[in-house]
Each structure stands twice: as C-alpha cells, then as structure tokens.
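J.: structure for the following, please:
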Amino acid sequence: MKILKQTLIKIRHIVYFFRSKIAGVQFFEPDYLYCDRFNENSVIIDVGCGHKAEFSKHLIKKYNLRAFGVDPTKKHSPFLKIIEENTKGKFHHLPLAITKENGFITFNESEQNESGSILLEHTNIRNDDIKTYKVESVNLQELVRRIGLSPIDFIKLDLEGAEYKLLDGINKKDIEIFKQIYVEFHHHCTNYSIRDTEAIVNKIHGMGFEVFTLDRHNYLFYK
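T.: As a prediction, this is how the structure comes out:
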C-alpha cells in the first residue's frame with residue numbers, strides 16, 4: 001500500500017509538472033506555483049514558510065533574490081535563524097501572523113505537525129497536543145510597510161485556514177502591489193468549504209488577476 005501511494009504521488013507530480021509547463025507556470029514540489037519572472041532584484045514574501053522555508057530557499061538559489069519568511073511558530077524560529085545566516089541576509093524571518101486587522105492574536109502550535117493555526121477548528125489543532133501563545137498579527141498593507149520595499153514580485157499565503165477571513169475582507173488596493181499571489185486554501189482541514197474557496201478565487205480574479213490551479217487547493221494569481 002505504501003509503495004502504491006508513493007507511485008501515485010509521483011505520477012501526480014509528473015502530471016502537474018507538464019500541465020504547469022503548458023500553461024507557462026513553474027511547478028516546484030510539493031505544490032508551489034509561480035510565473036518565471038524573477039531576477040536578483042526581485043522581492044518575495046513567503047507567509048507560512050515553515051521551518052525549512054524550502055520555497056524561499058529554492059527561489060534564492062535560482063534567482064539570488066530577497067525573500068521574507070513570515071511565520072509566528074516559535075519552534076520554527078531556530079531553524080529560520082540558521083537559514084538567515086546561511087543565505088547571508090537574502091532570507092529574513094518575520095515572526096508575525098497575517099490577519100485582517102493589526103494587533104495580537106492567540107496562535108495554536110501543534111506538537112505533532114509542522115503546521116499550527118489561529119483557528120481552533122483546524123484538524124491539527126483539534127487532534128494534536130498544542131501550545132498556545134500570543135503573537136503579533138498584521139494585515140497585508142502593514143506587512144508591506146514593514147518590509148519597506150515596493151513592488152512585491154510574489155507573495156505566498158499559507159495561513160492554515162486564516163486565508164478566508166483575510167482575503168474575504170481585502171479590496172483591490174490591498175493587493176495591487178503584488179505581481180503574483182499564491183494561496184494554499186484549506187477547505188480540506190477546516191470548517192470552510194470548496195465553495196468558500198471558489199468565492200475567494202472569483203473575487204481575486206475580478207480584481208484583475210489571471211488564475212491557475214492544478215488541484216483546486218493551491219492557486220496562483222498573476223497579472
């Protein structure tokens with residue numbers, strides 16, 4: 001059964017690779033999508049980067065660009081500090097949550113899984129042992145202000161369910177600074193549904209972005 005599962009995953013990734021190539025979109029495992037429009041002057045924001053920050057490291061290695069990894073998870077901080085040192089400043093960690101409003105919010109850290117969430121209904125939070133603590137949260141405009149660079153070539157949003165409330169409240173001004181937006185939607189592990197995802201996708205599309213997805217979970221929006 002394990003071999004069969006691994007084989008199916010490999011087949012899926014091969015299919016994803018060729019579909020993304022046909023559409024002119026780059027695919028980086030496991031599920032990342034982006035348009036190949038970066039250079040050494042590019043700036044990306046990797047929200048929910050995790051302790052490996054593999055997407056940021058991939059783009060830094062490929063383009064020598066600047067990446068800002070945003071993740072409030074305390075257990076990830078030591079690993080992200082090492083990445084900062086190893087990339088000689090190309091990667092910078094910001095220990096923030098991204099929400100609709102600025103302030104402080106309770107974050108739930110899973111002891112068993114990589115991903116925690118601010119949502120109590122997230123599968124990991126309901127099933128795992130968790131630690132809770134207050135973290136600073138900022139909205140998209142404040143995040144960009146703190147980074148202090150413009151425009152932003154790419155932002156990745158992996159918010160473990162918090163993307164719905166955040167993106168439901170945005171207007172065109174909030175996202176016009178971003179050339180590409182990648183969102184991982186979490187209707188599979190929260191109380192949100194695929195219809196909630198589709199509503200957000202249609203909203204961003206209506207703000208002037210093209211849309212590409214391979215699996216109806218991970219979406220790339222680009223101009």
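
J.: OK, contacts around the residue lying closest to T123 once chain neighbours are set aside?
T.: Nearest residue to T123, sequence neighbours excluded (CB to CB, 6 or more residues apart in numbering): C189, at 4.0 Å. Yep, even glycine has a C-beta here, placed from its N, CA and C like the rest. If you count contacts by CB atoms under 8 Å, 6 or more residues apart in numbering, C189 has them with H122, T123, N124, E160, G161.

J.: and if we set it to 10 Å?
T.: Neighbouring residues of C189 by CB atoms under 10 Å, 6 or more residues apart in numbering: S115, S117, L119, E121, H122, T123, N124, I125, R126, N127, E160, G161.

J.: buried ones only from those residues, please, as a PyMOL command.
T.: To isolate the buried members of those in PyMOL, using 16 or more other CB atoms under 10 Å:
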select buried, resi 115+117+119+122+123+124+125+160+161
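
J.: elements contacting the helix or strand where A199 lies?
T.: Using DSSP states H and E, the element containing A199 is helix 194-205. Using 3 or more CB pairs under 10 Å, 6 or more residues apart in numbering; DSSP states H and E, the elements in contact with helix 194-205 are helix 163-168, strand 180-184, strand 210-213, strand 218-222.

J.: where do the helices sit along the protein?
T.: Using DSSP state H, the helices of the chain run over 2-23, 54-63, 77-86, 123-127, 140-147, 163-168, 172-175, 194-205.

J.: and K156, which of the ones you listed is closest to it?
T.: helix 54-63 (6.3 Å; CB to CB).

J.: got the angle for that closest one vs helix 77-86?
T.: 0 degrees (axes from the mean of the first three to the mean of the last three CA atoms, to 10 degrees).

J.: mind listing what's buried in helix 54-63?
T.: Quick answer for helix 54-63 (16+ other CB under 10 Å): E54, F55, S56, K57, H58, L59, I60, Y63.

J.: quick check: mean pLDDT across it?
T.: Across helix 54-63, pLDDT averages out at 97.

J.: before we move on, the earlier item: would you turn the contacts of C189 into TSV with distance to P30 and pLDDT?
T.: Converted to TSV, these look like this (distance: CB to CB, whole Å; pLDDT from 0 to 100):
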residue	distance to P30	pLDDT
S115	13	95
S117	19	96
L119	22	94
E121	24	95
H122	19	96
T123	18	95
N124	17	95
I125	22	95
R126	23	95
N127	21	96
E160	16	94
G161	19	95
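
J.: going by distance to G208, which of the contacts of C189 wins?
T.: G161 (25.9 Å).

J.: contacts only, for the closest one.
T.: Neighbours of G161 in contact, by CB under 10 Å, 6+ apart: 115, 117-125, 185-187, 189-192.

J.: for I44, same thing?
T.: Applying CB under 10 Å, 6+ apart, the residues near I44 are 34, 38, 55-56, 59-60, 63, 65-69, 152-156, 178-180, 182.

J.: all set now, cheers.
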